[in-house]
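K.L.:
How does the following fold in three dimensions:
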Amino acid sequence: GVCGSDLRGYTGETGRRVAPMIMGHEGAGEVVAVGAGVDRGWLGKRVLLYPTIPCRTCVWCQVGRTNLCQNRRIVGARSTNGAMAERVVVPEANLRPLPDTMSFVQGALVEPLAVGIHASKRAGDLRGQSVLIIGSGSIGLLTLVAALQSGAACVVTADLIPKRRATARALGAAAALDPTDDGWKQHLAGVVGSPAVDVAVDAVGTPDAFELAVAGVGPAGTVVAIGGWRPVPLDLDRLMHLELEVKGTFGFISKEFDESLRW
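P.N.:
Numbering: from 1, shown residues only. Alright, predicted model coming up:
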(Lines give C-alpha, C1' and ligand atoms only; values in the text may rest on other atoms or scores of the structure.)
Protein backbone atom coordinates (compact mmCIF):
# COMPACT_ATOMS: atom_id res chain seq x y z
CA GLY A 1 0.00 0.00 0.00
CA VAL A 2 0.99 3.63 -0.52
CA CYS A 3 0.58 5.75 2.62
CA GLY A 4 0.35 9.53 2.63
CA SER A 5 3.57 9.50 4.64
CA ASP A 6 5.22 7.65 1.75
CA LEU A 7 4.08 10.34 -0.69
CA ARG A 8 5.42 13.09 1.55
CA GLY A 9 8.60 11.09 2.00
CA TYR A 10 8.97 10.85 -1.76
CA THR A 11 8.52 14.61 -2.18
CA GLY A 12 10.87 15.28 0.73
CA GLU A 13 8.30 17.30 2.72
CA THR A 14 8.82 15.43 5.98
CA GLY A 15 12.41 14.19 5.92
CA ARG A 16 11.21 10.85 7.35
CA ARG A 17 12.14 8.86 4.27
CA VAL A 18 15.72 9.27 3.10
CA ALA A 19 16.95 7.58 -0.08
CA PRO A 20 18.15 4.94 -0.75
CA MET A 21 15.90 3.44 1.97
CA ILE A 22 13.04 1.41 0.46
CA MET A 23 9.59 2.52 1.62
CA GLY A 24 6.48 0.40 2.26
CA HIS A 25 4.94 -0.38 5.64
CA GLU A 26 1.50 -1.56 4.41
CA GLY A 27 2.39 -5.01 3.17
CA ALA A 28 1.23 -8.54 2.47
CA GLY A 29 3.03 -11.32 0.64
CA GLU A 30 4.39 -14.85 0.65
CA VAL A 31 7.28 -16.18 2.72
CA VAL A 32 9.94 -17.46 0.31
CA ALA A 33 12.89 -17.91 2.67
CA VAL A 34 13.62 -18.01 6.40
CA GLY A 35 16.75 -17.31 8.41
CA ALA A 36 18.49 -19.41 11.02
CA GLY A 37 16.33 -20.32 13.99
CA VAL A 38 13.08 -19.35 12.29
CA ASP A 39 10.19 -21.85 12.11
CA ARG A 40 10.38 -23.35 8.61
CA GLY A 41 6.63 -23.80 8.73
CA TRP A 42 6.36 -20.21 7.53
CA LEU A 43 7.74 -21.17 4.11
CA GLY A 44 5.12 -20.74 1.41
CA LYS A 45 2.66 -19.08 3.79
CA ARG A 46 0.67 -16.00 2.81
CA VAL A 47 1.33 -13.37 5.47
CA LEU A 48 0.74 -9.81 6.63
CA LEU A 49 3.48 -7.45 7.71
CA TYR A 50 3.14 -5.91 11.18
CA PRO A 51 5.54 -3.02 10.57
CA THR A 52 6.55 -1.84 14.05
CA ILE A 53 9.63 -3.37 15.68
CA PRO A 54 9.62 -2.13 19.31
CA CYS A 55 12.55 -2.49 21.70
CA ARG A 56 10.23 -4.21 24.27
CA THR A 57 12.31 -2.89 27.18
CA CYS A 58 11.66 0.86 27.45
CA VAL A 59 9.05 2.40 29.74
CA TRP A 60 6.52 2.76 26.92
CA CYS A 61 6.90 -0.83 25.83
CA GLN A 62 6.52 -1.95 29.44
CA VAL A 63 3.12 -0.22 29.72
CA GLY A 64 1.94 -1.61 26.38
CA ARG A 65 2.21 1.58 24.32
CA THR A 66 4.71 0.17 21.86
CA ASN A 67 3.72 2.74 19.23
CA LEU A 68 5.49 5.31 21.43
CA CYS A 69 8.67 3.27 21.86
CA GLN A 70 11.53 5.72 21.45
CA ASN A 71 13.83 2.97 20.17
CA ARG A 72 11.35 1.50 17.70
CA ARG A 73 12.08 0.65 14.12
CA ILE A 74 9.37 0.64 11.47
CA VAL A 75 9.66 -1.50 8.36
CA GLY A 76 9.55 0.89 5.41
CA ALA A 77 10.23 3.97 7.52
CA ARG A 78 13.23 5.70 8.99
CA SER A 79 16.20 3.41 8.22
CA THR A 80 14.57 -0.03 7.79
CA ASN A 81 13.89 -1.17 4.23
CA GLY A 82 10.25 -1.88 3.43
CA ALA A 83 7.84 -3.72 1.17
CA MET A 84 8.01 -1.66 -2.03
CA ALA A 85 10.38 -4.25 -3.41
CA GLU A 86 10.34 -7.80 -4.72
CA ARG A 87 11.50 -9.09 -1.32
CA VAL A 88 11.69 -7.68 2.19
CA VAL A 89 13.27 -9.11 5.35
CA VAL A 90 11.26 -8.85 8.58
CA PRO A 91 11.50 -10.45 12.04
CA GLU A 92 9.41 -13.58 12.55
CA ALA A 93 7.46 -11.79 15.32
CA ASN A 94 6.22 -9.29 12.72
CA LEU A 95 4.42 -11.88 10.60
CA ARG A 96 0.70 -12.59 10.78
CA PRO A 97 -0.96 -15.39 8.77
CA LEU A 98 -3.14 -14.01 5.96
CA PRO A 99 -6.47 -15.88 5.83
CA ASP A 100 -7.17 -17.73 2.59
CA THR A 101 -10.35 -15.67 2.17
CA MET A 102 -8.37 -12.42 1.94
CA SER A 103 -6.50 -11.08 -1.06
CA PHE A 104 -3.08 -9.47 -0.79
CA VAL A 105 -4.73 -6.10 -1.49
CA GLN A 106 -7.11 -6.58 1.43
CA GLY A 107 -4.16 -7.67 3.53
CA ALA A 108 -2.30 -4.46 2.76
CA LEU A 109 -5.32 -2.51 4.07
CA VAL A 110 -5.15 -4.12 7.51
CA GLU A 111 -2.40 -1.69 8.56
CA PRO A 112 -4.25 1.56 7.71
CA LEU A 113 -7.47 0.18 9.23
CA ALA A 114 -5.50 -0.38 12.45
CA VAL A 115 -4.59 3.32 12.31
CA GLY A 116 -8.31 4.12 12.19
CA ILE A 117 -9.04 1.77 15.08
CA HIS A 118 -6.34 3.39 17.23
CA ALA A 119 -7.63 6.86 16.35
CA SER A 120 -11.18 5.92 17.33
CA LYS A 121 -9.91 4.61 20.68
CA ARG A 122 -7.95 7.81 21.27
CA ALA A 123 -11.21 9.72 20.79
CA GLY A 124 -12.68 7.95 23.82
CA ASP A 125 -15.98 6.12 24.16
CA LEU A 126 -17.76 6.82 20.86
CA ARG A 127 -20.98 5.05 21.73
CA GLY A 128 -23.86 7.40 20.98
CA GLN A 129 -21.49 10.19 19.89
CA SER A 130 -21.62 12.37 16.78
CA VAL A 131 -18.37 12.40 14.81
CA LEU A 132 -17.05 14.63 12.02
CA ILE A 133 -14.12 13.35 9.94
CA ILE A 134 -12.27 15.89 7.83
CA GLY A 135 -10.76 14.07 4.85
CA SER A 136 -11.90 10.94 3.05
CA GLY A 137 -8.64 9.47 1.83
CA SER A 138 -7.79 5.94 2.92
CA ILE A 139 -7.20 6.87 6.56
CA GLY A 140 -10.30 9.05 6.81
CA LEU A 141 -12.50 6.37 5.27
CA LEU A 142 -11.10 3.61 7.47
CA THR A 143 -11.51 5.83 10.54
CA LEU A 144 -15.13 6.20 9.47
CA VAL A 145 -15.46 2.41 9.50
CA ALA A 146 -13.76 2.20 12.91
CA ALA A 147 -15.97 4.94 14.40
CA LEU A 148 -19.14 3.17 13.24
CA GLN A 149 -17.88 -0.16 14.54
CA SER A 150 -17.13 1.57 17.86
CA GLY A 151 -20.77 2.60 18.27
CA ALA A 152 -20.83 6.19 17.02
CA ALA A 153 -24.43 7.31 16.54
CA CYS A 154 -23.70 9.50 13.54
CA VAL A 155 -20.56 10.00 11.45
CA VAL A 156 -20.32 12.80 8.89
CA THR A 157 -17.35 13.27 6.56
CA ALA A 158 -16.05 16.27 4.63
CA ASP A 159 -13.86 16.15 1.54
CA LEU A 160 -13.24 18.18 -1.60
CA ILE A 161 -13.34 15.23 -4.03
CA PRO A 162 -16.78 13.94 -5.17
CA LYS A 163 -15.59 10.33 -5.63
CA ARG A 164 -14.31 10.22 -2.05
CA ARG A 165 -17.57 11.66 -0.75
CA ALA A 166 -19.48 8.95 -2.64
CA THR A 167 -17.26 6.25 -1.11
CA ALA A 168 -17.83 7.67 2.37
CA ARG A 169 -21.59 7.48 1.89
CA ALA A 170 -21.28 3.90 0.64
CA LEU A 171 -19.33 3.00 3.80
CA GLY A 172 -22.03 4.35 6.09
CA ALA A 173 -21.45 8.08 6.52
CA ALA A 174 -24.69 9.85 7.44
CA ALA A 175 -23.60 12.62 5.08
CA ALA A 176 -20.52 13.44 3.03
CA LEU A 177 -20.10 17.18 2.67
CA ASP A 178 -18.04 19.54 0.54
CA PRO A 179 -16.40 22.02 2.97
CA THR A 180 -16.17 24.63 0.18
CA ASP A 181 -19.97 24.86 -0.01
CA ASP A 182 -21.22 27.91 1.89
CA GLY A 183 -23.99 25.97 3.64
CA TRP A 184 -22.04 22.90 4.67
CA LYS A 185 -22.08 23.73 8.39
CA GLN A 186 -25.85 24.20 8.32
CA HIS A 187 -26.15 20.84 6.58
CA LEU A 188 -23.91 19.27 9.25
CA ALA A 189 -26.12 20.70 12.00
CA GLY A 190 -29.21 19.34 10.31
CA VAL A 191 -27.72 15.85 10.05
CA VAL A 192 -26.41 15.56 13.62
CA GLY A 193 -29.26 17.54 15.21
CA SER A 194 -26.90 19.96 16.90
CA PRO A 195 -24.81 23.02 15.89
CA ALA A 196 -21.62 21.02 16.59
CA VAL A 197 -20.39 17.44 16.97
CA ASP A 198 -18.97 15.62 19.97
CA VAL A 199 -15.78 14.48 18.22
CA ALA A 200 -13.93 15.80 15.17
CA VAL A 201 -11.08 14.01 13.42
CA ASP A 202 -8.54 15.72 11.18
CA ALA A 203 -7.44 13.01 8.75
CA VAL A 204 -5.66 15.45 6.43
CA GLY A 205 -3.06 17.22 8.54
CA THR A 206 -3.15 20.68 6.96
CA PRO A 207 -3.90 24.01 8.66
CA ASP A 208 -7.27 24.36 6.88
CA ALA A 209 -8.37 20.83 7.79
CA PHE A 210 -7.34 21.20 11.44
CA GLU A 211 -9.18 24.52 11.68
CA LEU A 212 -12.35 22.87 10.34
CA ALA A 213 -12.04 20.11 12.93
CA VAL A 214 -11.61 22.52 15.84
CA ALA A 215 -14.50 24.68 14.59
CA GLY A 216 -16.73 21.62 14.23
CA VAL A 217 -16.84 20.48 17.87
CA GLY A 218 -18.97 21.91 20.64
CA PRO A 219 -18.35 22.43 24.37
CA ALA A 220 -16.28 19.64 25.98
CA GLY A 221 -15.64 18.24 22.50
CA THR A 222 -12.64 16.23 21.39
CA VAL A 223 -10.41 16.85 18.38
CA VAL A 224 -8.21 13.98 17.17
CA ALA A 225 -5.30 14.72 14.82
CA ILE A 226 -4.07 11.97 12.49
CA GLY A 227 -1.14 12.26 10.16
CA GLY A 228 -0.14 15.87 10.67
CA TRP A 229 3.38 16.78 9.63
CA ARG A 230 3.40 20.56 9.71
CA PRO A 231 2.56 23.32 12.23
CA VAL A 232 -1.06 24.44 12.38
CA PRO A 233 -2.72 27.40 14.16
CA LEU A 234 -4.71 26.70 17.32
CA ASP A 235 -7.50 28.98 18.55
CA LEU A 236 -6.61 29.04 22.26
CA ASP A 237 -9.64 31.16 23.12
CA ARG A 238 -11.98 28.50 21.73
CA LEU A 239 -9.89 25.72 23.30
CA MET A 240 -10.14 27.27 26.77
CA HIS A 241 -13.68 28.57 26.83
CA LEU A 242 -15.18 25.37 25.41
CA GLU A 243 -12.82 23.12 27.38
CA LEU A 244 -11.88 21.23 24.23
CA GLU A 245 -9.51 18.28 24.25
CA VAL A 246 -6.98 17.95 21.45
CA LYS A 247 -5.40 14.52 21.07
CA GLY A 248 -2.70 13.24 18.81
CA THR A 249 -2.74 9.69 17.50
CA PHE A 250 0.16 7.73 16.07
CA GLY A 251 0.01 4.29 14.49
CA PHE A 252 -1.36 1.49 16.64
CA ILE A 253 -0.34 -1.33 18.95
CA SER A 254 -0.22 -5.02 18.10
CA LYS A 255 -3.62 -5.92 19.57
CA GLU A 256 -5.23 -3.21 17.43
CA PHE A 257 -3.49 -4.59 14.33
CA ASP A 258 -4.86 -8.03 15.19
CA GLU A 259 -8.30 -6.52 15.80
CA SER A 260 -8.11 -4.93 12.35
CA LEU A 261 -7.30 -8.31 10.83
CA ARG A 262 -10.33 -9.87 12.54
CA TRP A 263 -12.58 -7.12 11.22
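
K.L.:
List the buried residues in stretch 225-233.
P.N.:
The neighbour-count check on stretch 225-233 (16 or more other CB atoms under 10 Å) flags Ala225, Ile226, Gly227, Gly228, Val232 as buried. Any C-beta I mention is one placed from the backbone N, CA and C, and that applies to glycine too.

K.L.:
List just the nearest of these to Gly140.
P.N.:
Gly140 lies nearest to Ile226 out of those, by CB to CB, at 8.1 Å.

K.L.:
My guess is that closest one contacts Ala146. True?
P.N.:
No: using CB atoms under 8 Å, Ile226 is not in contact with Ala146; the gap is 11.1 Å.

K.L.:
Give the intersection of the neighbour lists for these two.
P.N.:
Both Ile226 and Ala146 are in contact with Ala119, where contact means CB atoms under 8 Å, 6 or more residues apart in numbering.

K.L.:
Could I get the buried residues of stretch 225-233 in TSV, plus columns for secondary structure, distance to Arg65 and pLDDT?
P.N.:
Formatted as TSV, the buried residues of stretch 225-233 follow (DSSP: H, G, I helix; E, B strand; the rest coil; distance: CB to CB, whole Å; pLDDT from 0 to 100):
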residue	secondary structure	distance to Arg65	pLDDT
Ala225	strand	17	97
Ile226	strand	17	94
Gly227	coil	19	75
Gly228	coil	19	79
Val232	coil	24	91
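
K.L.:
what would the residues you listed look like in CSV with distance to Ser194?
P.N.:
Formatted as CSV, the buried residues of stretch 225-233 follow (distance: CB to CB, whole Å):
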residue, distance to Ser194
Ala225, 22
Ile226, 23
Gly227, 27
Gly228, 26
Val232, 25
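
K.L.:
Check those residues and tell me the two furthest apart.
P.N.:
Among the buried residues of stretch 225-233, Ile226 and Val232 lie farthest apart (CB to CB), at 12.7 Å.

K.L.:
Which residue ranges of the stretch 51-200 of the chain form strands?
P.N.:
52-53, 73-74, 95-97, 130-134, 154-158, 175-177, 197-202 (DSSP state E, counting those that start in this stretch).

K.L.:
Show me how far the second one is from its chain's centre.
P.N.:
When distances are taken as CA atoms, centre = their mean, to the nearest Å, strand 73-74 is centred 17 Å away from the chain's centroid.

K.L.:
Each with direction, which strands does it pair with?
P.N.:
The strands that strand 73-74 pairs with in its sheet are strand 52-53 (antiparallel) (by DSSP bridges).

K.L.:
neighbours of Gln70, just the number please.
P.N.:
Gln70 is flanked by 10 other residues according to other CB atoms under 10 Å.

K.L.:
Quick check: it touching Trp60?
P.N.:
Yes: using CB under 8 Å, Gln70 is in contact with Trp60, at 6.9 Å.

K.L.:
Sticking with Ser260, tell me its helix or strand.
P.N.:
Taking DSSP states H and E as the definition, Ser260 sits inside helix 254-262.

K.L.:
And for Leu212?
P.N.:
helix 207-216.

K.L.:
list the buried ones in that helix?
P.N.:
Buried residues in helix 207-216, counting neighbours by 16+ other CB under 10 Å, are found at Ala209, Phe210, Glu211, Leu212, Ala213, Val214, Gly216.

K.L.:
just stretch 97-117 next, same as before
P.N.:
Applying 16+ other CB under 10 Å to stretch 97-117 flags 98, 102, 107-117 as buried.
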